[in-house]
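>>> from the sequence below, what's the structure:
(one chain, ligands or ions: 1)
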Amino acid sequence: MHTPLLHYLDHRIALYVGDLTDHAVDAIVNAANSSLYGGGGVDGAIHRRGGPAILDACRAIRSSLWPDGLPVGQVAITVGGELPARHVIHTVGPIWGRHGGAEARLLADCYRNAIELAASLGLKSIAFPAISTGVYGYPPAEAAVVVSRTLAAVMREQPGITQLRLVFFDARQFDIFVAHQQFSD
Ligand code: APR
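Numbering: from 1, shown residues only. I've put the predicted structure just below:
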């Protein structure tokens, strides 16, 4: 089982280094693209390990709720397929420099909307990758400030979420986050 490397917010937030797809929580959050049809990075890992049931559910979402694609900052939930997690909450992070200065707000929307959706469905545990800090080029140090401030606010509004995990793919990204987080401010 994974051992958290650090905790914040009286242990409701825990930080890990590893593969998000290993985490057996109520929902893991996918750093998807608007098509919802998969991609590389964590999106690719989730679809590879979760299997076709996830893509089938994404197709159903595209043909009903979001025919033109999932907008940046928005969220959509599917089954977890073969994953240890029960559900996948797909979100589309901002591409650094492509949203006219709205990147921080859009990144915060991804985290806030995912937590609020999970809470509205009575889910208790949720795990995030470092959304937008890969292919989408969001500087990890800047993301750490936005994410920690957003989580500190939203987790106080959502007591039903008893466990929130941030899963970093390597120790370097974990270290950058810890060095720049502002949970306690
Ligand atoms: N577990 C945890 N974190 C992971 C994993 C994994 N299995 N794989 C990658 N990561 C990390 C990356 O190291 C990065 O820190 O997730 C973070 C987000 O990187 P990306 O997956 O590239 O996501 P993002 O930057 O939001 O770009 C999204 O990439 O894969 C495509 O379809 C996706 O077009 C979309 C874009």
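>>> going by C-alpha atoms from here, please, whenever you check contacts or count neighbours.
Fine.
>>> who in this structure is up against the ligand?
Applying C-alpha under 6 Å from any ligand atom, we find that the chain lies next to the ligand at 19-21, 31-33, 38-45, 93, 129-136, 167-169.
>>> mind giving me the packing neighbours of the helix or strand hosting Ala179?
Assessed by DSSP states H and E, Ala179 sits inside helix 171-180. Counting contacts by 3 or more C-alpha pairs under 8 Å, 6 or more residues apart in numbering; DSSP states H and E, helix 171-180 is packed against strand 13-17, helix 140-157.
>>> pull up the pairing partners for whatever helix or strand comes next after the last one, direction included.
In this case it means helix 140-157. As assigned by DSSP H and E, the chain's next helix or strand after helix 140-157 is strand 163-168. Looking at strand 163-168 with DSSP bridges, its partner strands are strand 13-17 (parallel), strand 125-128 (parallel).
>>> contacts for strand 163-168?
11-20, 124-130, 174 (C-alpha atoms under 8 Å, 6 or more residues apart in numbering).
>>> mind running it again at 10 Å?
With contacts defined as C-alpha atoms under 10 Å, 6 or more residues apart in numbering, strand 163-168 is touched by 4, 6-8, 11-21, 23, 25-29, 115, 123-130, 147, 151, 155, 173-175, 177.
>>> going along the chain, name the strands of this protein.
Here the chain has its strands, by DSSP state E, at 6-8, 13-17, 27-32, 75-79, 87-92, 125-128, 163-168.
>>> in CSV, list those along with distance to Tyr111 and mean neighbour count.
Listed next are the strands of the chain as CSV, based on distance: least, C-alpha to C-alpha, whole Å; neighbours: other C-alpha atoms under 10 Å:
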stretch, distance to Tyr111, mean neighbour count
strand 6-8, 16, 14
strand 13-17, 13, 21
strand 27-32, 9, 30
strand 75-79, 9, 21
strand 87-92, 9, 26
strand 125-128, 8, 24
strand 163-168, 11, 22
